[in-house]
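Novice: got a sequence here, can you build the structure:
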Amino acid sequence: MERELNSNYAATGASERDLESAAASTAEPNLEDPRVVLSLLEADQVVAAKRQTHFGPRKFSPGLKILLWGLRVYVVLMMVIVLLSVIQALHSAH
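Specialist: Below you'll find the predicted structure:
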C-alpha cells in the first residue's frame with residue numbers, strides 16, 4: 001500500500017514533505033488542490049478511493065462511431081493486403 005501512496009505523490013510531482021506543508025500552510029486546507037487532499041488521506045483511504053472510482057463506457061456520437069468503425073475496416077483491409085503481398089513475394093522467390 002505504501003508503494004501505491006508513493007506513486008500518487010510521484011504522479012503529482014511533489015514530495016511528501018511538500019504535500020504536508022501545502023496541507024498545513026493554511027488554517028483551512030484548499031480541498032480543490034489534489035496534492036492537499038492526498039496529503040490529508042491515509043494510505044488505505046487512498047486505495048479505497050481508487051477502487052471506488054470506475055469509469056464506465058463512454059458515449060460516442062454517431063459521427064465518431066462511424067469514424068472508429070471506418071478505422072477498424074481500414075486496418076483489417078491493410079492486414080489482408082500485407083498478407084497477400086507477403087504470400088505473393090514468397091511464391092515469386094521460388
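Novice: from now on I want contacts and neighbour counts done on CA atoms only, so please keep to that.
Specialist: Noted.
Novice: so R72, which of the three states?
Specialist: Under the three-state scheme (DSSP: H, G, I helix; E, B strand; the rest coil), R72 adopts helix.
Novice: right, I mislabeled it, should have said F60
Specialist: The assignment at F60 comes out as coil when based on three-state DSSP.
Novice: what's the burial count for it?
Specialist: Neighbour count for F60, taken as other C-alpha atoms under 10 Å: 10.
Novice: now the phi/psi pair for it, please.
Specialist: When read as degrees, to the nearest 10, the backbone of F60 gives phi -100, psi 150.
Novice: could you report the distance from the spatially most central residue of the chain to V46?
Specialist: Nearest residue to the geometric centre of the chain (C-alpha atoms, centre = their mean): F55, 11.0 Å. Note on F55: its distance to V46, by C-alpha to C-alpha, to the nearest Å, is 17 Å.
Novice: what of V75?
Specialist: With C-alpha to C-alpha as the criterion, V75 and V46 are 40 Å apart.
Novice: neighbour count for the two, which is higher?
Specialist: V46 (18 against 12).
Novice: surely the more buried one and L38 touch.
Specialist: Yes - in this structure, V46 is within contact of L38 by C-alpha atoms under 8 Å, at 7.3 Å.
Novice: before we move on, which element is I87 in?
Specialist: helix 62-92 (DSSP states H and E).
Novice: okay, buried residues for that helix please.
Specialist: By 16 or more other C-alpha atoms under 10 Å, helix 62-92 has no buried positions at all.
Novice: burial of Q52, as a residue count?
Specialist: For Q52, the count of nearby residues is 8 (other C-alpha under 10 Å).
Novice: which residues does it contact?
Specialist: Q52 makes no contacts at all, as judged by C-alpha atoms under 8 Å, 6 or more residues apart in numbering.
Novice: so what pLDDT did it get?
Specialist: Note for Q52: predicted pLDDT of 71.
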